[in-house]
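*Asks:* this is the structure alone, sequence omitted:
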């Protein structure tokens, strides 16, 4: 098919899926946080609160869009635009799966495979700092200014250990393009340990890189335990204090999109992208089927003695949906497309769950502790880690 | 297509450069400079230097200019006020500028070698692999000397910015 039309279709699909995932990531966060805190979370708007993101979008769109009187108008409007723009762009280089053939079309499950993919994402994330800094400054409000400056200083401080943590698997896998990075993590050690980057020799140091990258990613995306710049009880609301309806939604969307991007980068660099956990001859093709069937059966069994009266109707519906999903993975043509996507999504979902779990569990760093942590602990550790990995690569 | 893209990004770079000078607020000037950096990165990409384009975005637009913007925000530099200009500046400024540019263009046109049209896509040695190899083999000494230079700059900054411990 014509390259442009195919790219347009792929871009439309990826954009749609990304925006839906953003909305439902917010739902998942509220539900998981709620269950960590021994409460239930949204449950009124639609079954189990599944229409809550829709309600939130409607609310945010229809809220009064105030413009405070003394803000610097141009930058006030530019800042959320920049934040969202540079948060949505990196998804263009993230590969979701292998090359697939749909009928006559042969294409890769990725919008574009730049041969400097990793550098592209680092560059665009670096440019995302402008959104936050300008938002804080343009709001003409001392809390916003402080929040914006702290947030930007935090983001650029943690870019350094993040980049050095990324450099370790890049040294081993020897390429900057994401597709080649994942393809270099194919295969198995001893027949059953996947050759993911965290399992590659030297053994513990890439796990240290992975942990460093995760911690730096928490700081880059301004999430707990590093979210002092937007903490509600410290700085009113930090850099987005003066922003109302859709502009606030833009910052919100930018934060979740940044989360998805760094989780995707962690998955591709460290956890092997779409490579399955154990070889196909031990049955890794049936894992999605088993998981979905299990969940469907749990839904049915809970529907027998429902905790809430309407669960007698909604839970069997979910059960049927999950069993249908399990059945789809058994169809060989569709499974070839969906299996890599399943593994990628599972690992991405695991890291996002880790994000939400940490948010519900840990307290917040004070700002000077945060900056100290970056410069006096993470930077030397990342440097030494990189030295050791480099030494190992040079000696072999 | 390449000529069109070159025209677009070159126009963006020139417009941002002019706006850098003409803006009255320092933050607007700083962001115009970021626009120039971005357009230059796109031009490097068109010429085939993809690593340099990425490095331009990461280092220049994403770190150095962020620090510029920080300093401007922290110093709370306000809008500049137009001062009374002398008649020489008001009426002779633009004609003198045009004359200067004309002289420079004439001199450059006479002394530089004849430029043939640049063909985009000719240069294929811009990948990270080629630049890494060149940095560590042919250009090793300048690379190491540059890192010592940066170390000197860091030491100078620390000395200038430290507080005296009494």
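*Replies:* Received the coordinates, thanks. From a predicted model like this one, the values you see are computed outputs, not experimental measurements. Numbering: from 1, shown residues only, chains lettered A, B, ... in the order given.
*Asks:* find the closest residue to chain B in the stretch 251-396 of chain A.
*Replies:* Of all residues in the stretch 251-396 of chain A, residue A:394 sits closest to chain B, at 11.8 Å by CB to the nearest CB. Placement of C-beta: from N, CA and C, glycine included.
*Asks:* shouldn't residue A:296 be in contact with residue A:317?
*Replies:* No. Counting by CB atoms under 8 Å, residue A:317 is not a contact partner of residue A:296; they are 10.7 Å apart.
*Asks:* ok, those two, which is more surrounded?
*Replies:* Legend: neighbour count by other CB atoms under 10 Å in any protein chain shown for residue A:296 and residue A:317, higher for residue A:296 (21 against 12).
*Asks:* who's in contact with the more buried one?
*Replies:* Contacts for residue A:296 were tallied using CB atoms under 8 Å, 6 or more residues apart in numbering or on different chains; they are A:318-323, A:325-326.
*Asks:* just the residues you listed: which are in strands?
*Replies:* Within the contacts of residue A:296, no residue falls in strands by DSSP state E.
*Asks:* what's the ChimeraX syntax to select whichever of these are buried?
*Replies:* Per 16 or more other CB atoms under 10 Å in any protein chain shown, the buried members of these correspond to this ChimeraX selection:
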select /A:318,319,322,323,325,326
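*Asks:* what strand or helix carries the residue nearest to the spatial centre of chain B?
*Replies:* The centroid of chain B falls nearest to residue B:37 when counting by CA atoms, centre = their mean (5.9 Å). Per DSSP states H and E, residue B:37 falls inside helix B:26-47.
*Asks:* check whether that helix comes near chain A.
*Replies:* Yes. Legend: contact between helix B:26-47 and chain A by CB under 8 Å from any CB of the partner chain is shown at B:27-28, B:31, B:34.
*Asks:* next SSE downstream of that helix?
*Replies:* helix B:50-55.
*Asks:* show me what counts as buried in stretch A:104-123.
*Replies:* Residues A:109-111, A:114-123 are the ones in stretch A:104-123 that count as buried (16+ other CB under 10 Å).
*Asks:* which residues touch residue B:16?
*Replies:* Going by CB under 8 Å, 6+ apart, the list of residues near residue B:16 reads B:32-33, B:35-36, B:39.
*Asks:* out of the residues you listed, which is nearest to residue B:123?
*Replies:* Within the contacts of residue B:16, the smallest distance to residue B:123 is 19.0 Å, found for residue B:39 (CB to CB).
*Asks:* quick one: the closest one and residue B:7 touch, right?
*Replies:* No. Residue B:39 is beyond contact range of residue B:7, at 11.4 Å (criterion: CB under 8 Å).
*Asks:* who touches the residue in chain B positioned nearest to chain A in this structure?
*Replies:* Per CB to the nearest CB, residue B:62 is where chain B lies closest to chain A, at 2.7 Å. By CB under 8 Å, 6+ apart, the contact list for residue B:62 reads A:123, A:125-127, A:129.
*Asks:* mind checking what secondary structure it has?
*Replies:* helix (DSSP: H, G, I helix; E, B strand; the rest coil).
*Asks:* who has more neighbours, residue B:39 and residue B:7?
*Replies:* Between residue B:39 and residue B:7, counting by other CB under 10 Å, residue B:39 is the more crowded of the two (20 against 10).
*Asks:* enumerate every residue touching the more buried one.
*Replies:* Applying CB under 8 Å, 6+ apart to residue B:39 gives the contacts B:9-10, B:12-13, B:16.
*Asks:* can you pull the pLDDT of residue B:166?
*Replies:* pLDDT, the model's per-residue confidence, is 61 for residue B:166.
*Asks:* helix, strand, or coil at the nearest residue to residue B:48 once chain neighbours are set aside?
*Replies:* Of all residues not flanking residue B:48 in the chain, residue B:123 sits nearest, at 3.9 Å (CB to CB, 6 or more residues apart in numbering or on different chains). Secondary structure for residue B:123, judged by three-state DSSP, is coil.
*Asks:* okay, now the domains of chain B?
*Replies:* Domains of chain B are assigned by automatic domain parsing as B:1-79, B:127-166.
*Asks:* how far does the shortest one sit from its chain's centre?
*Replies:* What that stands for is domain B:127-166. Put simply, domain B:127-166 sits 19 Å off its chain's centre (CA atoms, centre = their mean, to the nearest Å).
*Asks:* can you give me the buried ones in that domain?
*Replies:* By 16+ other CB under 10 Å, the buried positions in domain B:127-166 come out as B:127-128, B:131.
*Asks:* neighbours of residue A:266, how many?
*Replies:* So residue A:266, with other CB under 10 Å, has 22 neighbours.
*Asks:* and it, what element?
*Replies:* Secondary structure assignment for residue A:266, by DSSP H and E: helix A:245-270.
*Asks:* any idea how far that helix is from the chain center?
*Replies:* For helix A:245-270, the distance to the chain centre is 6 Å (CA atoms, centre = their mean).
*Asks:* would you mark the buried spots in whichever helix or strand comes after that helix?
*Replies:* Going down the chain from helix A:245-270, the next helix or strand is helix A:287-304, by DSSP H and E. Within helix A:287-304, the residues scored as buried using 16+ other CB under 10 Å are A:287-289, A:291-293, A:295-296, A:299-300, A:303.
*Asks:* still on that earlier bit, near chain A, from the buried residues of domain B:127-166?
*Replies:* Answer for those near chain A (CB under 8 Å from any CB): B:127-128.
*Asks:* closest one of the buried residues of domain B:127-166 to residue A:308?
*Replies:* Nearest to residue A:308 among the buried residues of domain B:127-166, with distances taken as CB to CB, is residue B:128, at 56.4 Å.
*Asks:* check contacts around the closest one.
*Replies:* Shown in contact with residue B:128 (CB under 8 Å, 6+ apart): A:115-116, A:119, A:176, B:50-51.
*Asks:* next, work out how far apart it and residue B:145 are.
*Replies:* 22 Å (CB to CB, to the nearest Å).
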